[in-house]
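Novice: Predicted model follows, preceded by the sequence.
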Amino acid sequence: MVGVDHLNNIEQVLIETLRTGTFNTIDGGSETTTTAWSDGDVTVFGQYPTTDQVSYPCIITEMVANGIETQFMNQRLTSGSSESIGELYGVGFNLYLMVDRDSSLTPVSAPYRQRRLLNYLMLNGANILTDCDFIAASPATEVVERHFSGFKEIGYNASLETWVAVAALVIVFKNTR
């Protein structure tokens, strides 16, 4: 029997959720889904693009570690209503937001450009990342913890005329077998 491909499920859900820009919010006391941008407004890459493929604004997701946060190795776990053997397993990502001089989005009445656009992407990117629903993946991945560092490396590259922000995300899930 082949196990569930949790690493690829998590990566696919992250990329697709970032592409659509969706996250949950409370509106008038009830939970609703909102979008920070439409699919296609922000290009999301699952790996570093070549220079002729890149388009801005963009988000690059880079898996940088797996096996971190491993706990309960070869132990009995309860997953839903069934018991199985497995462990808690972690996967780490670096996320890069990039905006060039000509990028723009219009979330309100006036277009956001350059640093203001990067600020908008950072805040809403954090909302999207912390609200991803991995249970909806098929087969489901049961996420038990998320550690989001926030965007800490924020800067401007004058030679490329790009604004960049970098964050780290660790996702811990049940790896049952």
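Specialist: Sure thing, it's come through. Numbering: from 1, shown residues only.
Novice: Only alpha carbons, please: show stretch 30-44 as CSV.
Specialist: C-alpha atoms of stretch 30-44 as CSV (Å, rounded to 0.1, in the frame of the first residue of the first chain):
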residue,chain,number,x,y,z
SER,A,30,-20.7,35.3,10.0
GLU,A,31,-17.6,33.7,8.3
THR,A,32,-17.2,34.5,4.6
THR,A,33,-14.5,33.9,2.0
THR,A,34,-12.8,36.9,0.5
THR,A,35,-10.1,37.3,-2.1
ALA,A,36,-7.1,39.7,-2.0
TRP,A,37,-6.5,39.3,-5.7
SER,A,38,-8.0,37.3,-8.6
ASP,A,39,-6.3,34.2,-10.1
GLY,A,40,-3.8,35.6,-12.6
ASP,A,41,-3.2,39.0,-10.9
VAL,A,42,-0.3,37.6,-9.0
THR,A,43,1.9,34.9,-10.6
VAL,A,44,2.8,32.1,-8.2
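Novice: Contacts for it next, please.
Specialist: Identification of contacts with stretch 30-44 by C-beta atoms under 8 Å, 6 or more residues apart in numbering yields 15, 18-27, 54-61, 105, 107, 120-121, 124-125, 127-128. Every C-beta, even on glycine, is put in place using the N, C-alpha and C of the backbone.
Novice: roughly how far apart are the closest residue to Ala168 other than its chain neighbours and Gly29?
Specialist: Nearest residue to Ala168 in three dimensions, chain neighbours excluded: Ser149, at 4.2 Å (C-beta to C-beta, 6 or more residues apart in numbering). Ser149 sits 32 Å away from Gly29, going by C-beta to C-beta, to the nearest Å.
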